[in-house]
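*Asks:* I'll drop the sequence and a predicted model, then ask my questions.
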Amino acid sequence: MSDTSQSGPRWLTLIGIGEDGPDGLGEEAKRLIAAAPAVFGGARHHELTDALITGERLAWQSPFEKSVEAIVARRGMPVVVLASGDPFLYGVGATLSRRIAAHEMHTIPAPSAFSLAAARLGWPLQETACISLHGRPLDLIRPHLHAGRHILALTSDEKGPQALADLLVANGFAETRLTVLEALGGRRERIRSMMASGFDLNTIDPLNVCAIEIVAGPGARILPYASGLDDALFEHDGQITKREIRAVTISALSPRHGELLWDIGAGSGSVGIEWMLADPSLKAIAIEQAPERAARIARNAVSFGVPQLALIEGTAPVALASLPAPDAIFIGGGGSEAGVMDAAIKALKRGGRLVANAVTLEMEAMLLAEYAARGGLLTKIEIARAAPVGGMSGWRPAMPVTQWRWIKE
């Protein structure tokens, strides 16, 4: 904590601690804890380091932001924060780094629960999906459910493993093996395995990681990595951007890391959902005026493992007024309504992409006018599917779609 690089001393020390308590800490970490006037952490962290702490013990407050403010208020004075394992892997370090610069912090990490679990199982971490479901929806695991996939999932409590088993069974992965690793690294460590079907482990420690070896049964709900997912995977009333058109649309929207999409007239939510599935950093807001469709979008978002999809029930352009500026916009329904296109173009960030699809003559006329006035790329997409014609087969054309893609300069 004597390092004075950058603009000042490293006054904040983040120390990762495992279930083995002080036995797993190095001499530097022990010395810093003992010398700190203030030690922040959870009740378990304080208990584990009880013999070392001589300063004030400050427990995490609710909401957590109160504790963040208390830490920031001590800027320049020695402060220690105790964290589980690696503070920067789904930990408090990520939260504090939004308010405190890296040069003000000194971090001594311990092995994460994921590292300990992988070591016990002999799983290469680089080949394993590591997901934190601690305080997060279990549905986040859905995009990772592929045959042969290895997943390490950190749960919230003793009920997490059973809830995961139930989700797996309900989605066609009943023969998947779950290994529950409890209190890793401490005296209470225990490792037990069981199939998702018939899962009945009891007295599970609240501190647990689930190792999941995916086995897909017939009809298992697997979400392919490619865009243009099967329409049958979505709940819809016919108001859906069909899979082939959706694949072209996602390509035209060209998602990039950390971007936000507005899906105006979202229908079933399929475009916003596939946008978010392209990368965990992506965000989307679905705007839909029909209450029953809005409810359907919310259900689809959960079933596709993107429950964080934001949903605005309202009519554009009024519903767009207070939304954060988007990096990309898709207009699939209601685009021909007065003011919608102008509001979308005005809100779009510079360099952002707008993609609008038309199946009606009225919407197509608007896109032709926008293309004539602003340029961009105009594409006609025509799809035909084989269908019975008497005792034989023939091509049955779907309604053609006119797509306009424009980049705001």
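*Replies:* Thanks, I have it.
*Asks:* ok, the residue most central in space within the chain - contacts?
*Replies:* Nearest to the mean C-alpha position of the chain, by C-alpha atoms, centre = their mean, lies P280 at 4.8 Å. When contacts are counted by C-beta atoms under 8 Å, 6 or more residues apart in numbering, P280 is found next to no other residue. C-beta: built from backbone N, CA, C; applies to glycine.
*Asks:* For D86, see how far away it is.
*Replies:* Counting by C-beta to C-beta, to the nearest Å, the gap between P280 and D86 amounts to 19 Å.
*Asks:* I329: what secondary structure?
*Replies:* Taking DSSP: H, G, I helix; E, B strand; the rest coil as the rule, one finds I329 in the strand state.
*Asks:* Could you give the bridge partners of it?
*Replies:* Per DSSP bridges, residues listed as beta-bridge partners of I329: W262, L354.
*Asks:* quick one: it from L348, how far?
*Replies:* Separation of I329 from L348 (C-beta to C-beta): 6 Å.
*Asks:* Need phi/psi at the closest residue to Y90 other than its chain neighbours.
*Replies:* By the measure of C-beta to C-beta, 6 or more residues apart in numbering, the closest residue to Y90 outside its immediate chain neighbours is S132, 3.9 Å from it. The phi and psi torsions at S132 (degrees, to the nearest 10) take the values phi -100, psi 120.
*Asks:* Wait, S132 touches I151, no?
*Replies:* No - contact criterion C-beta atoms under 8 Å: S132 and I151 do not qualify, at 11.7 Å.
*Asks:* Tell me which of those two has more neighbours.
*Replies:* Between S132 and I151, counted using other C-beta atoms under 10 Å, the more crowded position is I151 (21 against 18).
*Asks:* isn't there a strand covering the more buried one?
*Replies:* Yes - remark: I151 belongs to a strand, assigned using three-state DSSP.
*Asks:* Where does R405 fall, secondary structure wise?
*Replies:* Here R405 sits within strand 401-407, counting by DSSP states H and E.
*Asks:* And that strand, how far out from the chain middle?
*Replies:* Once both centres are worked out by C-alpha atoms, centre = their mean, to the nearest Å, strand 401-407 turns out to sit 29 Å from its chain's centre.
*Asks:* Sheet partners, orientation included, of that strand?
*Replies:* In the sheet containing strand 401-407, the strands it pairs with under DSSP bridges are strand 353-358 (antiparallel), strand 377-381 (antiparallel).
*Asks:* Let me know the average pLDDT across stretch 150-166.
*Replies:* pLDDT averaged over stretch 150-166 equals 97, rounded to a whole number.
*Asks:* That one: which residues count as buried?
*Replies:* Neighbour-count burial for stretch 150-166, with 16 or more other C-beta atoms under 10 Å as criterion, is recorded at 150-155, 158, 160-162, 164-165.
*Asks:* quick one: which of those residues is nearest to R120?
*Replies:* Proximity to R120 was ranked across these by C-beta to C-beta; first place goes to L152, at 10.6 Å.
*Asks:* OK, contacts around that closest one?
*Replies:* With contacts taken as C-beta under 8 Å, 6+ apart, L152 has the following neighbours: 113-114, 117-118, 123, 128-131, 209-212.
*Asks:* Of those residues, which belong to helices?
*Replies:* When these are checked against helices (DSSP state H), the matches are 113-114, 117-118.
*Asks:* Output these in CSV; the columns should cover neighbour count and distance to I141.
*Replies:* Supplementary listing: those in CSV, determined by neighbours: other C-beta atoms under 10 Å; distance: C-beta to C-beta, whole Å:
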residue, neighbour count, distance to I141
A113, 26, 16
F114, 24, 14
A117, 25, 15
A118, 22, 17
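*Asks:* Can you show me the helices along this protein?
*Replies:* For the chain, the helices defined by DSSP H cover 27-35, 43-48, 65-72, 92-96, 113-121, 160-170, 243-253, 270-277, 291-303, 340-347, 361-374.
*Asks:* Relative to R10, which of those helices is closest?
*Replies:* For these, distance to R10 was read as C-beta to C-beta. The smallest value, 10.6 Å, belongs to helix 27-35.
*Asks:* Can you tell me which of the contacts of L152 lies closest to D237?
*Replies:* Using C-beta to C-beta, the shortest approach to D237 within the contacts of L152 belongs to I131, at 32.3 Å.
*Asks:* Quick check: bridge partners of that closest one?
*Replies:* With DSSP bridges applied, the residues forming beta bridges to I131 are A153.
*Asks:* C210 contacts A153, doesn't it?
*Replies:* Yes - counting by C-beta under 8 Å, C210 touches A153, with 4.7 Å between them.
*Asks:* list residues touching both of the two?
*Replies:* For the pair C210 and A153, residues contacting each of them under the criterion C-beta under 8 Å, 6+ apart are 160, 164.
*Asks:* Just to check, L309 is in contact with M276?
*Replies:* Yes - if you go by C-beta under 8 Å, L309 and M276 touch, sitting 6.1 Å apart.
*Asks:* low-confidence ranges in the protein?
*Replies:* By pLDDT under 70, the low-scoring segments of the chain are 1-8.
*Asks:* let's see 80
*Replies:* Judged by pLDDT under 80, the chain has its weakly predicted residues at 1-8, 333-336.
*Asks:* quick one on the thing from earlier: hey, C-alpha coordinates of the strand holding R405 in CSV?
*Replies:* Included here for strand 401-407 are C-alpha records, laid out as CSV according to Å, rounded to 0.1, in the frame of the first residue of the first chain:
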residue,chain,number,x,y,z
VAL,A,401,-39.8,-8.2,-48.0
THR,A,402,-38.2,-4.9,-48.9
GLN,A,403,-35.3,-4.0,-46.5
TRP,A,404,-33.7,-0.6,-46.2
ARG,A,405,-30.3,-0.4,-44.4
TRP,A,406,-28.9,3.0,-43.6
ILE,A,407,-25.9,4.3,-41.6
